[in-house]
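J.: quick one: sequence plus predicted model below, questions after.
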Amino acid sequence: MGLLRKSSRVFPGLSARRRRIWIKLGLEWARLPWQDKATFRRVKSIANEIAKKYAAVISLGIGGSYLGIRAAQDALAPPYYNEFAASRKKRPQFFCEGNNLDPDTLRALLKNLNPKKTFLIVISKSGETAETKAAFAVAEDWLKKGAGIRYGRQILAVTDPESGALRNRVNAEQKRDSLSFRGLPLLKGVGGRFSEFNMGLLHLAIIGVDIAELFAGAREMSSRCGAADLSVNPAAMYAALHTILYRKKGKAIALMMPFSETLKATADWYAQLLGESLGKKCGRKIAMNRSGEEEWLKDETNIVNVGRTPVSCRGTGDLHSIQQNNIEGENNKITTFIRVEKFRDEVKVPGKGDILAGRTFTRLICLAQEATEWALVQESRPNCTIIMPEVSPYHWGALLYFFEMATAFEGELLEVNAYDQPGVEGYKNYMYYRLGRAGMPEAISRKIENHPLIKDPKFIV
Ligand code: PA5
């Protein structure tokens, strides 16, 4: 009850903040569905040019610069888009790479594509992320060797509008040739996981998704999520109930289970959104800076170690997998179902005399979702269902916006900064140190030297 009361205090507060101090607090992602028409037109014209000229596009990026694109591709492109030319309707194949350091996948991709017919997009806010940077170096070299001296015209970077290694490269190359190494800006201060409506636009336009519809859905969700009354605000309600169950009942695992194959990658995207935004060691303190603006600071004196653990799965496939644990394992989870009411296509089981015969797959998958819900309720396992009329740009835009707002609200309730990711720095720093990066902060180098990774042989079997 205490938390519910707090929710009604906190949420209108966030709405006011949303209007006042977008940039300072990293909330400007909430305005992305209102982007101006000029950005839109520029993205579309580049996308049309790429779609006309190239047989394939490779997009390099990791984390937020990858998962949104994967989610959009699976949800909004025709299924098996890359595999079947007929489904693509003359649009290029679209591959994502640079989201790992696995040499096998990158090599296989480059081996099988023609550099003269491939366009390269590199997405990185910082321009420094090791995975993206390494993959870009390899892919650029491959283009250089295979596409001729004007290979730079086959490269576009989506990056910070002003600073960073990638932005500097774009600026330098553009001075030499304005058609080479073009750049599209990422909104300043927006983390990758909140930027599908920004960094994902070029991809959406290339594969032929109606972006206006996507934004219309997001805008309609925004108006619903701006309501001060908790009972009609879906994102606030979602955040409040999940936080209460987490804080008061120990439901620390967030299982995202769309009943749709094409939404599995959206569940993966949500796993990153929740995990990276809310899994925090320190609480947040709000301070006033010299210009009288609010600033969110990490409160090192307030160790909270909070955040629900996301698990992404999908029905019906995972009913034959982790669902056993969900039903009978530790009762520490909340399942979110996404139920799709209308699919793009329909399939009917042929024949007669069998209970499945004559049934549509839509009927069967919806029944499977209902059955799973029933089974969870029998075991007193909390769950909720998001009903999606169809997986269209409009409803998918609304779904993403809903999750972003719900995560923002949950961050408010947990009193953490949902827009940073200090925990990710640990592995990066260690890697950079071991690779001999110049200018490492003294404190970090000392920490690594003083606490080396020691493997005690007696624990090695
Ligand atoms: O959500 C985020 O901000 C992160 O997941 C980043 O997108 C990810 O770390 C990649 O960073 P960058 O875009 O700077 O290469």
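T.: Sure thing, it's come through.
J.: so who does Asn383 touch?
T.: 334-337, 373, 376-377 (C-beta atoms under 8 Å, 6 or more residues apart in numbering). Yep, even glycine has a C-beta here, placed from its N, CA and C like the rest.
J.: max pairwise distance over those residues: which two?
T.: Thr336 and Val377 (14.5 Å; C-beta to C-beta).
J.: settle it for me: which of those two has more neighbours?
T.: Thr336 (20 against 11; other C-beta atoms under 10 Å).
J.: and the ligand, is stretch 427-434 touching that?
T.: No: using C-beta under 6 Å from any ligand atom, stretch 427-434 never reaches the ligand; the gap is at least 8.7 Å.
J.: hmm, who's touching that stretch?
T.: Residues contacting stretch 427-434 (C-beta under 8 Å, 6+ apart): 130, 440, 444-445, 448.
J.: before we move on, back to that, apply the buried test to the contacts of Asn383 and list what passes.
T.: For the contacts of Asn383, a burial check counting by 16 or more other C-beta atoms under 10 Å picks out 334-337, 373, 376.
J.: tell me the residues of the protein that contact the ligand?
T.: 62-65, 124-126, 129, 132, 191-193, 276, 421.
J.: neighbours around Ile448, how many?
T.: Ile448: 17 neighbours (other C-beta under 10 Å).
J.: pretty sure it sits in a helix.
T.: Yes: under DSSP: H, G, I helix; E, B strand; the rest coil, Ile448 falls within a helix.
J.: strands along the stretch 201-350 of the chain, start to end?
T.: 253-259, 280-288, 294-306, 309-312, 333-342 (DSSP state E, counting those that start in this stretch).
J.: of the contacts of stretch 427-434, keep whichever come out buried.
T.: Ile448.
J.: quick one: contacts for the nearest residue to Leu273 once chain neighbours are set aside?
T.: Excluding the flanking residues, the one nearest Leu273 by C-beta to C-beta, 6 or more residues apart in numbering is Arg193, at 4.9 Å. By C-beta under 8 Å, 6+ apart, the contact set of Arg193 is 63-64, 67-68, 269, 272-273, 276-277.
J.: which of the residues you listed sit farthest apart?
T.: Gly68 and Ser277 (13.8 Å).
J.: which residue packs closest to Trp34, ignoring adjacent ones?
T.: In space, Trp34 is closest to Arg219, 7.0 Å off (C-beta to C-beta, 6+ apart).
J.: distance of Ile365 relative to the ligand?
T.: 31 Å (C-beta to the nearest ligand atom, to the nearest Å).
J.: grab the nearest non-local neighbour of that residue.
T.: Per C-beta to C-beta, 6+ apart, closest to Ile365 is Phe259, 5.4 Å.
J.: I'd say that neighbour and Arg339 touch.
T.: Yes: if you go by C-beta atoms under 8 Å, Phe259 and Arg339 touch, sitting 5.7 Å apart.
J.: within its sheet, name the partner strands of the strand or helix carrying Val57 and how each one runs.
T.: Element membership for Val57, per DSSP states H and E: strand 56-60. Paired neighbours of strand 56-60 in the sheet (DSSP bridges): strand 93-97 (parallel), strand 118-124 (parallel).
J.: does anything pack onto the very next helix or strand once past it? Which helices or strands?
T.: Using DSSP H and E, the helix or strand that follows strand 56-60 in sequence is helix 64-76. Counting contacts by 3 or more C-beta pairs under 8 Å, 6 or more residues apart in numbering; DSSP states H and E, helix 64-76 is packed against strand 93-97, strand 118-124, helix 196-199, helix 201-206, helix 264-278, helix 393-414.
J.: quick check: mean pLDDT across the longest one?
T.: Confidence over helix 393-414 (mean pLDDT, whole number) is 96.
J.: residue boundaries of the strands in the stretch 351-461 of the chain?
T.: 383-390.
J.: need the winner for burial among the strands paired with strand 56-60.
T.: Mean neighbour counts were compared across those using mean count of other C-beta atoms under 10 Å; the top stretch is strand 118-124, at a mean of 26.
J.: how big is the angle separating that one from helix 64-76?
T.: 120 degrees (axes from the mean of the first three to the mean of the last three C-alpha atoms, to 10 degrees).
J.: what's strand 118-124 in contact with?
T.: 50, 53-61, 65-66, 69, 92, 98, 132-133, 136, 139-140, 143, 147, 154-159, 164, 166, 199, 202-203.
J.: now which of these would you call buried?
T.: 50, 54, 56-61, 65-66, 69, 92, 98, 132-133, 136, 139-140, 143, 147, 154-159, 164, 166, 199, 202-203.
J.: gap between Glu328 and the ligand?
T.: 34 Å.
J.: I figured that residue hits Leu376, correct?
T.: No: in this structure Glu328 lies outside contact range of Leu376 using C-beta under 8 Å: 10.9 Å.
J.: where does pLDDT dip in the protein?
T.: Scanning the chain for pLDDT under 70 picks out 1-26.
J.: which parts of it belong to which domain?
T.: Under automatic domain parsing, the residue ranges defining each domain of the chain are 2-17+229-422, 26-211, 428-459.
J.: how much space separates the residue lying farthest from the centre of the chain from Arg363?
T.: Most distant from the centre of the chain: Gly353, at 45.1 Å, with distances by C-alpha atoms, centre = their mean. The gap separating Gly353 from Arg363 is 18 Å, by C-beta to C-beta, to the nearest Å.
J.: next: Phe402.
T.: 26 Å.
J.: okay, those two: which has more neighbours?
T.: Taking neighbours as other C-beta under 10 Å, Phe402 and Arg363 compare with Phe402 leading, 20 against 13.
J.: residues in contact with the more buried one?
T.: Counting by C-beta under 8 Å, 6+ apart, Phe402 has contacts 221, 225, 234-235, 238, 386.
J.: repeat that with 7 Å
T.: Neighbouring residues of Phe402 by C-beta atoms under 7 Å, 6 or more residues apart in numbering: 221, 225, 234-235.
J.: which of the residues you listed tops the neighbour count?
T.: Cys225 (28 neighbours).
J.: now that one: how far from Pro234?
T.: With C-beta to C-beta as the criterion, Cys225 and Pro234 are 7 Å apart.
J.: ok, Lys428 next?
T.: Lys428 is 36 Å from Pro234, by C-beta to C-beta.
J.: then Gly217?
T.: With C-beta to C-beta as the criterion, Gly217 and Pro234 are 13 Å apart.
J.: and Glu328, by the same measure?
T.: 30 Å.
J.: next one: Val306
T.: From Val306 to Pro234 the distance is 23 Å (C-beta to C-beta).
J.: quick check, the residue in the stretch 201-350 of the chain closest to the ligand?
T.: Glu276 (5.6 Å; C-beta to the nearest ligand atom).
J.: show me what contacts Val306?
T.: Contacts of Val306 (C-beta under 7 Å, 6+ apart): 278, 280, 414, 416.
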